[in-house]
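> What would the 3D arrangement of this be:
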Amino acid sequence: MKVKAAPGIQVPMENKPHEYITDAEAIEVPDSTYYLRIMADGDLIDASANAKTNAKKGGE
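Residues are numbered from 1 along each chain as shown. Model prediction:
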């Protein structure tokens, strides 16, 4: 899945605690429990769903 951090948040990558996911660009991560839990907390945003929503709004 493609995700990016919520604005102003840095999320540590799974198994790489000194590398972070930021709000600057979306990255591909596995569908692991770690990332799904952080998404449920609101610290990660599903960038692929966000892109589809924005594209639909622009096309209306």
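> Please count neighbours and contacts with C-alpha atoms only from this point.
Fine.
> Please export the C-alpha coordinates of stretch 32-39 as CSV.
Extracted C-alpha coordinates of stretch 32-39, given in CSV (Å, rounded to 0.1, in the frame of the first residue of the first chain):
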residue,chain,number,x,y,z
SER,A,32,1.6,-5.3,8.0
THR,A,33,-0.1,-5.0,11.3
TYR,A,34,2.5,-2.2,12.2
TYR,A,35,1.4,0.1,9.4
LEU,A,36,-2.3,-0.7,9.7
ARG,A,37,-2.2,0.2,13.4
ILE,A,38,-0.5,3.5,12.7
MET,A,39,-3.0,4.2,10.0
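> Show the end-to-end separation of stretch 21-37, please.
15 Å (CA to CA, to the nearest Å).
> Centre of the chain to the strand ranked longest in the chain, how far?
With secondary structure taken from DSSP state E, the chain has its longest strand at strand 16-21. Per CA atoms, centre = their mean, to the nearest Å, the displacement of strand 16-21 from the mean C-alpha position of its chain is 13 Å.
> Before I go, just wanted to say thanks for your time.
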